[in-house]
Structures are given as C-alpha cells and as structure tokens.
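Participant: got a structure for you, letters missing:
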C-alpha cells in the first residue's frame, strides 16, 4: 500500500492532487483542518490535510501473445548471498515503515475531532479543560476560548493562570448578564412551582417561603394541588407548621378560588403542584383546570441539575403552555458539572431565581445571579 499526505487550501484542490499522483482508485484515510504560520494555530491561514492511499496493481501473468513477443534472454546470473540478504533487509525495512505509517494514520484518525485536540499554552489549556469537564457545549467553548485567545494576544505579559481564569469568569458573566429576571423577585401575589417528579418542588417552595418571611418580612400562605400523593400534603403541612403559615388543599379550580379568597389579605401565596411524568401532555392541561394561571400568577419551573440536558429541554418545552417566568435549579450539591445549566440558560434565554444545594429548610438555598453561575463552573466560593 502506498500512503501519502497532502496539504491544500481546499478539499477539492487536495482531491485534484491525489488523482494526479495516485489515480482515481485512491482512497481517503483521514482529513482534518490545519493552521499554518500562526501562534497555536489560531487566527491564521487555514488549510486541509488529507491522507490518501493506493494499493499497488496486482501482478498479472503475461498472455501467450505477450510471451511470444518477449525476446530470448540469457539465463540471469544467480544473485549472491550478500545480494539476497540485502534485498531481504530492504523488504523488511519497507514493511516496518509501512506498519509505522499505518499506526500513525490510526492515531490521526482517533485524535481527529476529539475535544481539546488543539494544544494551548498551560494557562489557556486549564480553562479549556474546565469548560470540557463541565460539559459546556462545543459552540460555547469555541466562543469563550476564541475571546480568551484574543485577550492573550493583546496582553502578552499577563499570561498567568489566575489572570486567564478571571478572563473566563468575565466571559461567563457577560454571556448571561443580558438575560433578564435574575434572582427571585416575586412581583405577583400567587407564586406557583411546576416541574417533573423528584426534583424537590415542595422542599424548594418551603425554602422560598422562608426567604420571603425571614428576609422580606412577607405574610405568606400555602395552597397545594398535589392531591396524588398523601405524603406530599403531609410534607407541606409540616413545613407550614414550622414556618407558622396556613395551608389549603385544592382538588379543583373551585377549591383553588375559595382558598384564594381566604388568603386575600396575604402578601404572597405559594402554590405547590403535583410532580408527574413530564412527557404526559395531559398533566400540563390538568394544571390549567385546577390552577387559575391569570395575571396575578408567576410560575417557576423547577429542574434538577442531575437531569440529562435533553430531558431538561423536553421539560421546558412541555411546560411552554404555561408562561414560565424563571427556572429554579435543585440538587446543586449532587453534581460536579454545571455546564448543562449554562447551556440551558443561554439556549432558552431564561433567568434563574434560585439554586438549592440540600434538604435543609430554610437553608440550602442561594439567590441566583450570573456571578453565582460562573463561580459554580470555576469551582469558586461565591460570596
């Protein structure tokens, strides 16, 4: 097998060279973009590197006609022992080189397309690793690293790890600061929490209520529509007892309206909902039949940071029938990767009210901000 590497400005140019040298029977083993005449291969001329190969034509026995045309020759002299050994050595060397070429090709194919295949300077490589480990989307990684490389060129003397980390932090904060609705504001009287089962809606609702009572001095009441699980009603009643707030159970829209009338003098009414299979469209429709999602209602979608990114997207789209003001991310203490949260925020352009990191009520809750999200990804303690 004959193997050769070509570098050209485009794939079509590379293919032209391959056809000219190896013929139309050549096969492409690998291709990848390469950069030349530039620092770490960025912001400079882009070319494409193609590795192609061709098998040698098979040996064919001459036909009878061809044999007749071959002039008679004297018998060739028998090669010497030295010549035989030299020829064997050359064949062995050629085989070794071929094996090495094949191994190099396999290595190139395996590395092609892998994240972080570009070798950055140590400080920039560290932030690249941070973004990859937190599963930040590849598009966002390219954007952040591109901006950081630009700063690197503009500030050649400021190349220490701490400075480069601060650049990444600034990029993260800048990217999501333009999104409105950060931190819980609770501008309307009715505050409903919706979301799938198992994300901790009831516990989070109790934490948010405690924050309203203890920090903002609000008069608070509870309404629960989670009548599917007796334990859920008992759990909310327990929290209501601890916080010294009244609670009503609504089995239908009429019950909800009666509870709302009873709590007419309260500042904030937190509405708990049942956790159901988010893939069931009827669940969202059932909510509309029980809860009056009117102009006096703000709805918060509660999501777990241990969920898969696609599931989080599906949940968001499923609840799009209800106007979602903000999201609340729970179980921040049960994961070590926060890129999914960043990807979600940017993709859906939705703000975050709280992050929760445990089961303790009224503690284990943090008011969300772009700076808090950035600190989670950078592994910093946010003050």
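Facilitator: Happy to help now that I have it. These figures come from a predicted structure and were not determined experimentally.

Participant: any idea where the strands of the stretch 51-200 of the chain begin and end?
Facilitator: 190-194 (DSSP state E, counting those that start in this stretch).

Participant: mind listing the helices in it by residue range?
Facilitator: 64-69, 81-111, 122-133, 138-154, 161-177 (DSSP state H, counting those that start in this stretch).

Participant: Report the angle between the fourth one and helix 161-177.
Facilitator: Using axes from the mean of the first three to the mean of the last three C-alpha atoms, to 10 degrees, the interaxial angle of helix 138-154 with respect to helix 161-177 works out to 130 degrees.

Participant: buried set for helix 138-154?
Facilitator: In terms of neighbour count (16 or more other C-beta atoms under 10 Å), helix 138-154 has its buried residues at 140, 141, 144, 145, 147, 148, 149, 152. All C-beta spots, glycine's among them, are computed from the backbone N, C-alpha and C.

Participant: so the third one sits right up against residue 168, yeah?
Facilitator: By that I understand residue 144. Yes. Counting by C-beta atoms under 8 Å, residue 144 touches residue 168, with 6.4 Å between them.

Participant: okay if I get the buried residues of helix 138-154 as TSV plus distance to residue 255 and pLDDT?
Facilitator: Converted to TSV, these look like this (distance: C-beta to C-beta, whole Å; pLDDT from 0 to 100):
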residue	distance to residue 255	pLDDT
140	45	92
141	50	90
144	50	91
145	54	89
147	54	90
148	55	89
149	60	86
152	62	85
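
Participant: Rebuild those as TSV, extending it with distance to residue 34.
Facilitator: Converted to TSV, the buried residues of helix 138-154 look like this (distance: C-beta to C-beta, whole Å):
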residue	distance to residue 34
140	24
141	20
144	23
145	18
147	23
148	22
149	17
152	21
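
Participant: And those, which is closest to residue 192?
Facilitator: Lowest distance from residue 192 to these (C-beta to C-beta) belongs to residue 140, with 31.2 Å.

Participant: Confirm for me that the closest one is in contact with residue 346.
Facilitator: Yes. At 6.9 Å, residue 140 counts as touching residue 346 under the criterion of C-beta under 8 Å.

Participant: Quickly list what's touching both of those two.
Facilitator: Counting by C-beta atoms under 8 Å, 6 or more residues apart in numbering, the shared contacts of residue 140 and residue 346 are residue 175.

Participant: Quick check: which ranges of the stretch 151-300 of the chain have low pLDDT?
Facilitator: By pLDDT under 70, the low-scoring segments of the stretch 151-300 of the chain are 157-158, 228-230, 275-295.

Participant: Now for residue 144 and residue 168: what residues contact both?
Facilitator: Joint contacts of residue 144 and residue 168 (C-beta under 8 Å, 6+ apart) are 127, 131.

Participant: Now do residue 26 against residue 147, distance only.
Facilitator: Taking C-beta to C-beta, to the nearest Å as the measure, residue 26 falls 41 Å from residue 147.

Participant: What of residue 333?
Facilitator: Taking C-beta to C-beta, one finds residue 333 at 31 Å from residue 147.

Participant: Can you give me the pLDDT of residue 76?
Facilitator: As predicted, residue 76 sits at a pLDDT of 53.

Participant: swap that for residue 65, sorry
Facilitator: The confidence metric pLDDT takes the value 55 at residue 65.

Participant: domain parsing for the chain?
Facilitator: What the record gives for the chain is the domain set 1-58, 122-177, 190-378, from automatic domain parsing.

Participant: Out of those domains, flag the one nearest residue 183.
Facilitator: Minimum separation from residue 183 across the domains of the chain (C-beta to C-beta) falls at domain 190-378, 4.7 Å.

Participant: how long is that closest one from one end to the other?
Facilitator: Start-to-end span of domain 190-378 (C-alpha to C-alpha, to the nearest Å) is 36 Å.

Participant: tell me how far it is from the chain's mean position?
Facilitator: How far domain 190-378 lies from its chain's middle: 24 Å, per C-alpha atoms, centre = their mean, to the nearest Å.

Participant: tell me the most buried of the domains of the chain?
Facilitator: Burial of the domains of the chain is given as mean neighbour count (mean count of other C-beta atoms under 10 Å); domain 190-378 ranks first at a mean of 18.

Participant: Tell me the spacing between residue 200 and residue 371.
Facilitator: 24 Å.

Participant: I figured residue 268 hits residue 186, correct?
Facilitator: Yes. If you go by C-beta under 8 Å, residue 268 and residue 186 touch, sitting 5.9 Å apart.

Participant: Over to residue 365: give its phi and psi.
Facilitator: phi -150, psi 140 (degrees, to the nearest 10).

Participant: ugh, typo on my part, it should be residue 32
Facilitator: Dihedral pair for residue 32: phi -160, psi 150, per degrees, to the nearest 10.
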